[in-house]
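requesting a structural model of the entry that follows:
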Amino acid sequence: MSDVISFRKAQFLISAPTLTQCPEDSGCEVAFAGRSNAGKSSAINALTDNAKLARTSKTPGRTQLLNFFSLSEQCRLVDLPGYGFAKVAKSLKKEWDKHLAEYLQQRKSLKGLVLLMDIRHPLQEYDWQMIRWAYQSEMPVHLLLTKADKFNHGPAKAILLKVQRELSMAGFSDNISLQTFSSLKKTGLDELEAVLRNWLSAQQESHNPLI
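Next comes the predicted model:
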């Protein structure tokens, strides 16, 4: 049996500007992606119960590096650069997009993608690009509709079902799960943990010679 994954034991590992400076491409990792204002860092901090683990800022686009957090010797979480951010030079934005694309396309230890979208503005252009890439790469995706505390349960559920229908109509219902989530209220944590444990534990067991 593999060790039980504890997200509360997460520790900062390294920040890498390019794929070549990332940790060794072994073991397994799950990446968090989304627009700059989707709440990636806040979600990671809520998941790990550590408000200071991932850097948060009211200024979109502050996460410009690939930030790695270790859960165990072979398991990691990755906070990817926020996409769609403004107020940076086009040449710099193009360079960040290039490094993000290289990571997503070439990283063999990447086993799943958590795609965060503000529940008030789901399925923007960049989100669809990420979903299409994941579909073509057969990469499991878990969509987090963040900031769900902005709505009561009924309206939030209605938006979830609407996003689900749009994904199905676009032919992207396979290999994609989704939920509502609030870092502020800590709602949806159990569901997110279950998805991540399923992805990471399966990879741990597949590399365990005793199984």
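
excluding its backbone neighbours, what's nearest L200?
Of all residues beyond its chain neighbours, the one nearest L200 is C75 (5.1 Å), with distances taken as C-beta to C-beta, 6 or more residues apart in numbering. Glycine gets a C-beta too; all of them are placed from N, C-alpha and C.

could you do W128 as well?
A170 (7.9 Å).

so, low pLDDT: which residues of this protein?
1-3, 56-63, 84-93, 95-96, 202-211 (pLDDT under 70).

tell me which residue lies nearest the centroid of it.
F32 (1.7 Å; C-alpha atoms, centre = their mean).

about what we covered before: the residue nearest to L200 contacts I5, doesn't it?
Yes - using C-beta atoms under 8 Å, C75 is in contact with I5, at 6.3 Å.

which element is A101 on?
Element membership of A101, judged by DSSP states H and E, is helix 90-106.

which ones are touching G188?
L144, A148, Q179, T180, F181, S182 (C-beta atoms under 8 Å, 6 or more residues apart in numbering).

so what are the sheet partners of the lengthiest strand in the chain and their directions?
Counting residues, the longest strand found in the chain (DSSP state E) is strand 110-118. Partners of strand 110-118 in the sheet, by DSSP bridges, are strand 28-34 (parallel), strand 141-146 (parallel).

output the ones you listed as JSON lines; include the columns distance to N198.
Output for the strands paired with strand 110-118, formatted as JSON lines (distance: least, C-beta to C-beta, whole Å):
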{"stretch": "strand 28-34", "distance to N198": "10"}
{"stretch": "strand 141-146", "distance to N198": "10"}
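
ok so, going back, roughly how far apart are the residue nearest to W128 and E191?
Distance, A170 to E191, using C-beta to C-beta, to the nearest Å: 23 Å.

so for those two, which residue has more residues nearby?
Taking other C-beta atoms under 10 Å, A170 and E191 do not tie; E191 has more neighbours (16 against 13).

so what touches the helix or strand hosting that one?
Using DSSP H and E, E191 sits in helix 189-206. Residues from elsewhere that reach helix 189-206, judged by C-beta under 8 Å, 6+ apart: 1-3, 5, 7, 27-28, 30, 43, 46-47, 71, 74-75, 111-112, 114, 140, 142, 144, 177, 179, 181, 211.
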